[in-house]
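Asks: For reference, the sequence and a predicted model appear below.
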There are 2 protein chains.
Amino acid sequence: MKVVITGGGGFIGYRLAQALLKKGTLSDPQGQQAPITQIVLFDMAFPENVDARLKAVKGDLNDQACVEATLGSDTDAVFHLASVVSGGAEADFDLGYKVNLDGTRALLNACRKQARPPRFVFTSSIAVFGGELPETLDDGTTPNPQGSYGAQKVMCEYLVTDCSRKGYIDGRSLRLPTISVRPGKPNLAASSFASGIIREPLAGLPAICPVSRDAMIWLLSPRKIIESLIHAYELPSSAWGLRRVINLPGFTAVVGDMIDTLRRIAGDTVADLIELKPDPRIEALVLSWPVRFRTDRANAMGFAADQNVESIIRSYIDDEKIPLKA
Amino acid sequence: MKVVITGGGGFIGYRLAQALLKKGTLSDPQGQQAPITQIVLFDMAFPENVDARLKAVKGDLNDQACVEATLGSDTDAVFHLASVVSGGAEADFDLGYKVNLDGTRALLNACRKQARPPRFVFTSSIAVFGGELPETLDDGTTPNPQGSYGAQKVMCEYLVTDCSRKGYIDGRSLRLPTISVRPGKPNLAASSFASGIIREPLAGLPAICPVSRDAMIWLLSPRKIIESLIHAYELPSSAWGLRRVINLPGFTAVVGDMIDTLRRIAGDTVADLIELKPDPRIEALVLSWPVRFRTDRANAMGFAADQNVESIIRSYIDDEKIPLKA
């Protein structure tokens, strides 16, 4: 099986590739586990010292020829993770549509040239929801994004579903909760703080929390995201049927609880590195996102969330081998 | 006020232009009726003898320069009706996305260059709905199109909403029921028969009904469509708020009742011109469309439907001055 991961140089994409190397196989259309023969990372930039078993292709999703050359005609599996993040898409309307919508179209066009319709996992986002929201969202809640990023994601969901219906791909779209804790550096995502307020203090660095303590976010750890991406891929086409989009399970974290839990785990010196400094632009976006879901369908399909804030922080400390000074 | 109507050479677009000529004014952003100074029809083809008070611009929505030249920088009102119809978009995937999605983007890009954000009425369709449908749809039903046309329409709804949120336009998307009775010739729309089985027999021509007598369709007359387009425009921005899309009222017509009502109005000789000849491809698409709605929000906003099949047939006979032989 040949696997292509867009955004494969990014944190989730690269970690997914590592998980696939470890797993070694993926389900074929008949439901049999088949050996993974090649994993291609497609991205604009990569970590240093990419694992030699991975093929890194530097390219632009909007370069149709490059995307087509990367997929060739023998790609069985596509994980489409690349995108301009929420803050970036909001700041630059044209860039957001160019990469997040047109880039996805270029990729889907390349998928149509495969010998067999590839299985296609697309990372959407809970940023598709907004506006007048019910207290608890469920599988029937209609997307109503209040940011261009969410608009682009929901448009791509429909495109992935339409291409699946046409038989061009076997698509599955996952609406990801906010991911925490991401290693690395802050990015332009309005949700960047949800990792930063844990990651930076644990590294002895100050962190700014741009939302108030009582703000809530719907969270999932990188570990569970990777498990979900692979699980979404492994499920047979019949499990998805006519509904190719799913809200992933997560849990409702209160920002103040995240800070307090960090304090309990890592001590005052660490937690005191967090400075509360609300930023109206970020707070407005974050408050427009949903914080509570009933994910009945995803649960029934076997997707699972982290247990609580503590398990999220501890899985980060564990995965990233963070030394605790406290 | 300068008004641009895409698809202005088509039946609904041209009739809308005539209605606007008669009305003479449209609401400005302050809610005052302002005189219409120019109506531009943008389309690939036009009726013969276009009214001299209308400016016909022959052009392609995908030609960004042409679209921009047509709008100039002084367009106040855009009615965006142009599209590849459902059957055409299903038969040619690439053409459907090119015209229905990319064409809309080109038009919205041109809107962003206006001196003031234009008010923008977009004709979406109940073809956005499909799949596992509730018996009665309502304002909370999530689109799940089972055709590329519906997918393109729902994607454009999100685009129109996002551009409205950004302040580029003041957008309003209307999900049109199936229109009956359209004058003129059959087209590639899978719903074409819903007009054809009335129009052709009244003209003394045979008509094929590609669905069975018990098939149902959610209908609205051209008269009510035109009224709805203008009403959607006239409503203040505040009436739409964060929800820029609406299901228009209509009524549930049973195909057998349409045939029987035609027989009652126009006689056996006319009704006997209808041949029932189910076409699986068309029937599959039509059966995937919804037939019953609760349109509470639209009703509250002042939109209205026809009363019944008889009023639809009689308004066609009246509007088109059809001689009844019976």
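Replies: Structure's in. What do you need?

Asks: quick one: buried residues of stretch A:250-270?
Replies: A:250-255, A:257-259, A:261-263, A:265-266, A:270 (16 or more other CB atoms under 10 Å in any protein chain shown). In this view, the C-beta of every residue, glycine as well, is placed from N, C-alpha and C.

Asks: which among the residues you listed gets closest to chain B?
Replies: Comparing these against chain B with CB to the nearest CB picks out residue A:250 as the nearest, at 19.9 Å.

Asks: related to what we said a few turns ago, just the buried residues of stretch A:250-270: which are in strands?
Replies: Of the buried residues of stretch A:250-270, the ones assigned to strands by DSSP state E are A:251, A:252, A:253, A:254.

Asks: how close does the first one sit to residue A:295?
Replies: Separation of residue A:251 from residue A:295 (CB to CB, to the nearest Å): 10 Å.

Asks: where do the contact lists of these two overlap?
Replies: residue A:305 (CB atoms under 8 Å, 6 or more residues apart in numbering or on different chains).

Asks: out of the buried residues of stretch A:250-270, who's nearest residue A:204?
Replies: Each of the buried residues of stretch A:250-270 was scored against residue A:204 by CB to CB, and residue A:270 proved nearest at 7.8 Å.

Asks: ok, and the closest non-adjacent residue to the closest one?
Replies: Spatial nearest neighbour of residue A:270, excluding adjacent residues (CB to CB, 6 or more residues apart in numbering or on different chains): residue A:201 at 4.5 Å.

Asks: From the contact counts, what lies against the helix or strand where the one you found lies?
Replies: Using DSSP states H and E, residue A:201 falls within helix A:193-202. If you count contacts as 3 or more CB pairs under 8 Å, 6 or more residues apart in numbering or on different chains; DSSP states H and E, helix A:193-202 packs onto strand A:178-179, strand A:207-209, helix A:255-266, helix A:268-271, helix A:309-319.

Asks: Strands of the stretch 101-250 of chain A, residue ranges please.
Replies: With DSSP state E, counting those that start in this stretch, the ranges of strands along the stretch 101-250 of chain A come out as A:119-125, A:170-176, A:178-179, A:207-209, A:216-220, A:245-247.

Asks: Contacts made by the fifth one with the rest, please.
Replies: For strand A:216-220, the external contacting residues (CB under 8 Å, 6+ apart) are A:126, A:176-180, A:191, A:194, A:228, A:248-255, A:286, A:289-293, A:305-306, A:309, A:312.

Asks: Please apply the same query to the second one.
Replies: In this structure, residues lying in contact with strand A:170-176 by CB under 8 Å, 6+ apart are A:29, A:117-126, A:128, A:153, A:156-157, A:160-161, A:163-164, A:220, A:225, A:228-229, A:232-233, A:235, A:237, A:240, A:244-248.

Asks: 6 Å - rerun?
Replies: Residues from elsewhere that reach strand A:170-176 (CB atoms under 6 Å, 6 or more residues apart in numbering or on different chains): A:117, A:119-126, A:157, A:160, A:164, A:232, A:237, A:240, A:244-248.

Asks: Can you pull the residues of chain A lying near chain B?
Replies: Chain A comes close to chain B at residues A:131, A:142, A:148, A:151, A:154, A:155, A:158, A:162, A:242, as judged by CB under 6 Å from any CB of the partner chain.

Asks: Next one, pLDDT for the second one please.
Replies: What the model reports for residue A:142 is a pLDDT of 97.

Asks: got a list of what it touches?
Replies: Going by CB under 6 Å, 6+ apart, the list of residues near residue A:142 reads residue B:142.

Asks: if we can go back for a sec, with distance to residue A:170 and mean pLDDT as new columns, can the helices and strands packed on helix A:193-202 be given to me in CSV?
Replies: What follows is the helices and strands packed on helix A:193-202, written out as CSV (distance: least, CB to CB, whole Å; pLDDT from 0 to 100):
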stretch, distance to residue A:170, mean pLDDT
strand A:178-179, 25, 92
strand A:207-209, 41, 96
helix A:255-266, 37, 97
helix A:268-271, 45, 96
helix A:309-319, 30, 95
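
Asks: so which of the ones you listed comes closest to residue B:69?
Replies: When the helices and strands packed on helix A:193-202 are compared (using CB to CB), the closest one is strand A:178-179, at 44.4 Å.

Asks: Would you give the sheet partners of the closest one, along with the direction of each?
Replies: With DSSP bridges as the test, strand A:178-179 is paired with strand A:216-220 (parallel).

Asks: tilt between the partner strand and helix A:193-202?
Replies: Interaxial angle, strand A:216-220 versus helix A:193-202 (axes from the mean of the first three to the mean of the last three CA atoms, to 10 degrees): 80 degrees.

Asks: Keeping just the C-alphas, turn strand A:216-220 into PDB.
Replies: Presented in PDB, the C-alpha positions along strand A:216-220 are these (Å, rounded to 0.1, in the frame of the first residue of the first chain):
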ATOM      1  CA  MET A 216     -14.100  26.200  27.800                       C
ATOM      2  CA  ILE A 217     -12.700  24.200  24.900                       C
ATOM      3  CA  TRP A 218     -13.500  20.900  23.400                       C
ATOM      4  CA  LEU A 219     -10.100  19.000  23.500                       C
ATOM      5  CA  LEU A 220      -8.400  15.900  22.300                       C
END
